[in-house]
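Colleague: Here is the input, now give the coordinates:
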Amino acid sequence: MNAGIRFKLSFMMFLEFFIWGGWFVTLGTFLSQNLQASGPETANVFSTQSWGAIIAPFIIGLIADKYFNAERILGVLHLVGALLMYLMYSAPDVSVFFPYALGYMIIYMPTLALVNSISFRQMDNPEKNFSAIRVWGTIGWIAAGLAISYIFQWDSQPGALKYTFLLSGIGSLILGLFSFALPKTPPIKKSTGEKSSISDILGLDAIKLLKDRNFFIFFISSILICIPLAFYYQNANLFLHEIGMENPTGKMTIGQISEALFLLLLPVFFTRFGFKNTILLGMLAWVLRYVLFAYGNVGELSYMLIIGIALHGICYDFFFVSGQIYTDSKAGEKYKSSAQGLITLATYGIGQLIGFQVAGLVSEHYSGLATSEFWHSVWLIPAGIAAVVFLIFLFSFKNEKTEAPVLEQ
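Modeller: Presented below is the predicted three-dimensional model:
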């Protein structure tokens with residue numbers, strides 16, 4: 001890969017995740033403080049991510065893969081996204097905000113697959129080249145959080161979080177225009193008579209894998225563990241704001257730094273402890289994270305909050321990345337992409353859709369409590385759910401050999 005293409009792909013990844021990290025991390029705080037949204041209203045807005053994940057395969061599988069260059073679709077989607085970001089910035093209340101957020105997520109979620117597709121098509125050896133490109137996405141997410149807290153200081157200014165939508169909108173506009181300068185990525189011509197079915201696009205062809213007892217247990221556990229995951233996305237930034245942590249959005253980037261570091265350690269854990277123990281450690285990290293949030297504070301126990309944030313690398317990599325690798329090994333050549341589609345639909349679609357609604361109902365249930373008591377009660381719920389999933393997986397999943405991944409920079 002020549003330097004020019006490498007730069008273009010890296011800048012594309014940086015902007016792709018800068019845009020997402022620039023508004024989604026602080027969304028819960030914005031909805032509460034700026035739009036006075038209730039728990040269920042906040043849950044409905046966060047659920048737009050899940051609806052976007054469910055609808056995205058249709059856009060990519062039925063349109064992008066057949067008719068148009070991927071980089072052109074990416075450009076159009078982000079230009080429309082920039083407009084929707086401005087409308088979200090201008091929304092006076094949550095009832096106006098919600099349809100714009102839903103529209104945005106429906107067009108943004110497909111871009112996650114598009115940037116990967118554009119990158120892979122430029123690589124002779126994706127296994128070696130992709131991680132060096134993808135890491136710029138993590139850097140972009142971190143840059144957005146640091147900018148919000150330490151450059152613009154919107155965390156500490158009442159009502160200022162609405163400007164995060166302008167920040168992401170500008171990023172979306174830049175990426176939308178820049179996309180037309182990306183390497184041409186036309187649709188791959190299929191063999192004569194070969195068609196993409198809806199069941200293949202949604203991963204439904206891989207349902208037969210659920211006949212395997214271990215894979216079925218992993219599949220159900222993947223859905224269930226996304227319920228506590230949704231609590232983090234929906235509540236973490238608001239929680240840190242309300243208990244008085246300074247620059248919470250900037251401090252939350254510790255989680256992304258941790259994610260990058262633990263990704264490098266994942267092959268070691270796979271080799272030494274196997275898939276089951278690695279994924280169990282990821283589940284246990286979710287329990288520990290929420291217990292730390294429930295009992296920590298911004299005083300003498302502030303270290304508990306920082307550790308809880310830093311556990312994101314183990315929480316995400318050791319469960320979700322491990323799960324993707326396990327799914328790949330179980331699927332075989334025929335169902336590899338279909339199986340990954342099934343797991344994505346189960347986690348980002350069904351699992352988080354349930355999780356956001358549960359998180360909203362829990363917040364509404366405890367809404368009458370004082371701040372410290374409220375958050376103590378809220379965080380113990382996902383800790384308990386994660387503990388139950390841990391026990392189900394521990395006693396139901398039988399050890400089996402899975403090859404360790406090779407992650408190269």
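Colleague: what about the helices in the stretch 51-200 of the chain?
Modeller: Assigned by DSSP state H, counting those that start in this stretch, the stretch 51-200 of the chain shows helices spanning 70-90, 94-120, 126-146, 163-178, 198-201.
Colleague: And the nearest residue to Ile133 once chain neighbours are set aside, how close does it get to Pro183?
Modeller: Once flanking residues are discounted, Ile133 sits nearest to Leu9: 4.9 Å by C-beta to C-beta, 6 or more residues apart in numbering. Where you see a C-beta, it was placed from the backbone N, CA and C, and this is true even at glycine. Look at Leu9 and Pro183: by C-beta to C-beta, to the nearest Å, they are 8 Å apart.
Colleague: ok so, going back, can you say which of the helices of the stretch 51-200 of the chain is nearest to Thr347?
Modeller: Ranking the helices of the stretch 51-200 of the chain by proximity to Thr347 (C-beta to C-beta) places helix 94-120 first, at 12.9 Å.
Colleague: tell me the angle of the closest one relative to helix 70-90?
Modeller: With axes from the mean of the first three to the mean of the last three C-alpha atoms, to 10 degrees applied, the angle from helix 94-120 to helix 70-90 works out at 160 degrees.
Colleague: Looking at Leu9 and Pro183, which one has more neighbours?
Modeller: Remark: of Leu9 and Pro183, Leu9 carries more neighbours, 25 against 17, as counted by other C-beta atoms under 10 Å.
Colleague: For the helix or strand encompassing the more buried one, name the packing helices and strands.
Modeller: Using DSSP states H and E, Leu9 sits in helix 3-21. Contacts defined by 3 or more C-beta pairs under 8 Å, 6 or more residues apart in numbering; DSSP states H and E place helix 3-21 against helix 94-120, helix 126-146, helix 163-178.
Colleague: Spatially central residue for this protein, please.
Modeller: The residue lying closest to the centre of the chain (C-alpha atoms, centre = their mean) is Tyr348, at 7.6 Å.
Colleague: just to revisit the earlier point, shared neighbours of Leu9 and Pro183, anything?
Modeller: Common neighbours of Leu9 and Pro183, using C-beta atoms under 8 Å, 6 or more residues apart in numbering, are 118, 122.
Colleague: Could you pull up the contacting residues of Ile55?
Modeller: Contacts for Ile55 (C-beta under 8 Å, 6+ apart) come out as 106, 109.
Colleague: For Ala346, see how far away it is.
Modeller: 15 Å.
Colleague: next one: Pro126
Modeller: 25 Å.
Colleague: the more surrounded of those two?
Modeller: Neighbour totals were compared for Pro126 and Ala346, and Ala346 leads with 18 against 14 (other C-beta under 10 Å).
Colleague: helix/strand/coil for that one?
Modeller: Here Ala346 is recorded as helix under DSSP: H, G, I helix; E, B strand; the rest coil.
Colleague: Run through the residues that contact it.
Modeller: Contact analysis of Ala346 by C-beta under 8 Å, 6+ apart lists 219, 222-223.
Colleague: As TSV, these with pLDDT would be great.
Modeller: Output for the contacts of Ala346, formatted as TSV (pLDDT from 0 to 100):
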residue	pLDDT
Phe219	92
Ser222	92
Ile223	93
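Colleague: any idea how far the nearest residue to Ser117 once chain neighbours are set aside is from Ala53?
Modeller: Ranked by C-beta to C-beta, 6+ apart and with sequence neighbours excluded, the top spatial neighbour of Ser117 is Ala70, at 5.1 Å. With the distance defined as C-beta to C-beta, Ala70 ends up 19 Å from Ala53.
Colleague: Between those two, which has more neighbouring residues?
Modeller: Here Ala70 and Ala53 are compared on neighbour count by other C-beta under 10 Å; more neighbours surround Ala70, at 27 against 23.
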